[in-house]
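Enquirer: the following block contains a protein sequence and its predicted model.
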Amino acid sequence: MGFVGYDVNRYTPRQMMVVPAVILLLSLALLGFNMASFGMPVRPGIDFSGGTAVTLFTPDSAEQIRAAFSAYPLLSVGEGVNNGKYLKFGPMDDASLQALATDIGVRYPDAKIDQIGASFGETLQQQALIALIISFVGMTIVVFIAFRSFVPAGAVVLSAFADIAMTAAGMSLVGIELSLATVAGLLMLIGYSVDSDILLTMRVLKRQGKLEEKLAGAFRTGIIMTTTTIVAITAMWVVALVGQITVVWEIATVLLIGLIVDMMNTWLTNAGIIKWYVQKRGGK
Amino acid sequence: MSMEKIMAIVSHWQVALMLILVVLAAIAIAPRFEGGKFTTNLQYGLDLQEGTWLQMEFKAVVAGFETDKDPGDFAKAIQDQTDAEVYVLDKNKIEIRKYIPREDLETVFNTAGGRLTSYEQGVSKQTAEDVKRILENKLNALGTKDARVNPLVGLSGVSHYIRVELAGVSMAQAKEIVGRQGKFEIRIHTTGNETENVLYGDSITTVGVPSHDSPGSPVWGVSFTLNQDGAEKLQKAAIRTGAVSKPDAHYLDMLLDGKVVYSAPLSPDLAAKLAQEPIRQLYASTGTGDAGLRDAKNLEIHLRAGALPVDVVVAGSGFVPAELSDYFKLMCVVAFIAAAIAVGIVIFLRYREPAIVLPMMATNLTEIVILLGIATFIQQLDLASIAALIAVLGTGIDQLVIITDEILHEGKVPSPTLYTKRLSRALGIILVSAATVIIAMVPLALMDLSSLRGFAIITMIGVIIGVAVTRPAYGEIIKEILSK
């Protein structure tokens, strides 16, 4: 592939791992800061904090919409192309909610409404957290069973962890909230991220040949894999952005950030560790 | 490509299996024009179809207890203190059909001579199923064309929420339907086919769950209690019509919304008692065996006149209008085609060899068709599952790349033995990564985080089809095409 200038064999393991290590520490610091301010590593959206989301298409301006719904706790009005608007309301009692639903129905009959109660949001939050932990632990077990060797398996798990931590940090940088959809994106990343890591580890440990050649071969295959996935997700991202399909756009953004940091974590972190491991064992 | 080559490819069982599955999938999806409109058998979830979802929370508690008393007596003591219906679930768990905060319940348990050992808001799986049945009955009676009711049962077997999805119904309408009660009435036969009103549903104070008429008896039925006024009305009617002396000539009918749902005479024992005094505690028997139990369950619903045995509050709700859902559907198709074309271009840039790129894309799309075919039976498609579908397209191509690169080591097609070794090595890599994806998705599929279940299920099926069918088939196809 001509468009990737990186030579996986040029740097020592230590040099390879410095950059991701620094980024990982910065990401963890950001997530820690978020944890202290919102009680969650990424600002929670209405799925987890409770509230009402409304998607509608109207030529009315954000100001007009704000004025129209001034009686309700309107938090934000997002604007997309094609006159798409995405309204977020804070938690409110049942009566106001019913009134809001009626108001919206009269003013914008073609609006999509989603409402999550605060206690339901909390349940979803706990469940999402449990899902994330179970997934990660399950992935760790599969990887350890597959490699039966501590360092290579640990390297795969570490890069998966770094992927998720950095993606979560990236989400808060670009202002994407944690929602059911983005949690799904993060879980999906566990799967995507180990794909190229496993390829790398299998190629280096189970094939015959020179370390440099095996690394270069794995890199060649791995990059094309990640590129095709990025391209597929980018297409989805563009269509969702233009079409104002928030759920799909959020999943796509999370996957894109994740795939980009995954390239780094696979070909710097994981490749660095595996190179160090093979050299230390005296392999070529 | 020559005919022989095609035959050689198809003669591999992996390829044949893939082709058979894709044909079956196409039949299952059944794309067709009906009345000038393009339709398929694919089921759409609420993002892609007009409708409303309601997620309701049970106002009840399942609590664990420890006591030296008999569990039944203990439950009775709790019932008296809390004025709620209380059921013993097993020897150390009870269901309290009223929401009571943990601290208050601890006090209640202590006063009753026991100790609270666990506390969870919700109802038992059994009760959740009853609620589901009642809601379904109501929705069917109203002719709601496409309604789904699913209790969400946690790992502990306690159901905290129940989710209702109604296609083609607005949010206000949905809330009305779910909250609506039927009109229940008991009438007595006077002479011939004539009947007269005895009492209405408002006279019924409590309704029990299906039970045997006496311990050890094979007969099923439902017990229910009348208020004093209702009991007196029943006694008067029974005496006036002569049912106390000739019960068989004066059947009692139970009607729900004007339809007879149960009809039986007074038992001789009850008739004799009614001649003396009003009776509040009644029991309607339905017969023996499974049929008796089934009838008893239905009778319970009818006696409740559509009221739920447990109070529920709406915890979350949503509505998708028809216009927006059609638009989403269109956008999903556009996104999918865009993704497929983009992937095709990248693959072509990498290999620059139609003999590799075409089978690769064909295999990948085949996988999606088979996945959709299976989805027609088990999964409605919503926005999240479409995202999963596109993600499957991405991982699918990834793994075909692994196979291709693994086999075409140094640009040459290897000898058959080497080929088999390399294919199995490639499949080894794929198997491990497939296993991790499945493991990562299992919690989402099991936990029922409402809308994400479809995402997880589509991803898992996609991975399984890939590993079991399409990737091995691709391995054979690419070998045949590239050899000589």
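Expert: Okay, I see it. Residues are numbered from 1 along each chain as shown, chains lettered A, B, ... in the order given.

Enquirer: look through chain A and tell me its longest helix.
Expert: helix A:211-243 (DSSP state H).

Enquirer: is the next helix or strand after that helix in proximity to chain B?
Expert: Sequence order places helix A:246-264 as the next helix or strand after helix A:211-243, per DSSP states H and E. Yes: Helix A:246-264 reaches chain B (Cβ under 8 Å from any Cβ of the partner chain) through A:247-248, A:251-252, A:255. Placement of C-beta: from N, CA and C, glycine included.

Enquirer: walk me through the domains of chain A.
Expert: Domains of chain A are assigned by automatic domain parsing as A:13-45+A:119-280, A:51-116.

Enquirer: same question for chain B.
Expert: Domains of chain B are assigned by automatic domain parsing as B:3-47+B:321-482, B:51-180, B:184-307.

Enquirer: now render the ones you listed as TSV, adding mean neighbour count and distance to A:Phe38.
Expert: Output for the domains of chain B, formatted as TSV (neighbours: other Cβ atoms under 10 Å in any protein chain shown; distance: least, Cβ to Cβ, whole Å):
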stretch	mean neighbour count	distance to A:Phe38
domain B:3-47+B:321-482	19	20
domain B:51-180	18	24
domain B:184-307	17	41
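
Enquirer: dump those into JSON lines; add mean pLDDT and distance to A:Arg66 as well.
Expert: Output for those, formatted as JSON lines (pLDDT from 0 to 100; distance: least, Cβ to Cβ, whole Å):
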{"stretch": "domain B:3-47+B:321-482", "mean pLDDT": "85", "distance to A:Arg66": "22"}
{"stretch": "domain B:51-180", "mean pLDDT": "85", "distance to A:Arg66": "23"}
{"stretch": "domain B:184-307", "mean pLDDT": "85", "distance to A:Arg66": "42"}
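
Enquirer: out of those, flag the one nearest A:Pro73.
Expert: Nearest to A:Pro73 among the domains of chain B is domain B:51-180; the distance by Cβ to Cβ comes to 19.0 Å.

Enquirer: what residues of stretch A:43-60 count as buried?
Expert: A:43-57, A:60 (16 or more other Cβ atoms under 10 Å in any protein chain shown).

Enquirer: typed the wrong thing, it's stretch A:63-76
Expert: Quick answer for stretch A:63-76 (16+ other Cβ under 10 Å): A:65, A:69, A:72, A:74.

Enquirer: and which of these is nearest to chain B?
Expert: A:Tyr72 (15.8 Å; Cβ to the nearest Cβ).

Enquirer: quick one: secondary structure of the closest one?
Expert: The local conformation at A:Tyr72, judged by DSSP: H, G, I helix; E, B strand; the rest coil, is coil.

Enquirer: in the stretch 51-200 of chain B, what residue lies closest to chain A?
Expert: Taking Cβ to the nearest Cβ, the stretch 51-200 of chain B has B:Met171 as its residue nearest chain A, at 5.5 Å.

Enquirer: who touches the residue lying closest to that residue once chain neighbours are set aside in this structure?
Expert: Distance criterion Cβ to Cβ, 6 or more residues apart in numbering or on different chains; nearest residue to B:Met171, sequence neighbours excluded, is B:Phe319 at 4.2 Å. Neighbouring residues of B:Phe319 by Cβ atoms under 8 Å, 6 or more residues apart in numbering or on different chains: A:101, A:112-113, B:51-52, B:170-171.

Enquirer: how about 10 Å then?
Expert: Contacts for B:Phe319 were tallied using Cβ atoms under 10 Å, 6 or more residues apart in numbering or on different chains; they are A:54, A:101, A:104-105, A:111-115, B:46, B:50-54, B:166, B:169-174.

Enquirer: check the secondary structure at it for me.
Expert: Under three-state DSSP, B:Phe319 falls in the strand class.

Enquirer: quick check: of the buried residues of stretch A:63-76, which lies closest to A:Ile233?
Expert: Nearest to A:Ile233, judged by Cβ to Cβ, of those is A:Ile65 at 31.1 Å.

Enquirer: please settle this for me: is that closest one part of a helix?
Expert: Yes: assessed with three-state DSSP, A:Ile65 lies in a helix.

Enquirer: looks like it contacts A:Val77 (just checking).
Expert: Yes: the pair formed by A:Ile65 and A:Val77 meets the contact definition of Cβ atoms under 10 Å, at 5.4 Å.

Enquirer: so what sits against both of those two?
Expert: Residues touching both A:Ile65 and A:Val77 (Cβ under 10 Å, 6+ apart) are A:54, A:85, A:87.

Enquirer: can you tell me the helix or strand for the last one?
Expert: Which is A:Leu87. Secondary structure assignment for A:Leu87, by DSSP H and E: strand A:84-89.

Enquirer: give the next helix or strand downstream of that strand.
Expert: Moving toward the C-terminus from strand A:84-89, the next helix or strand (DSSP H and E) is helix A:94-107.
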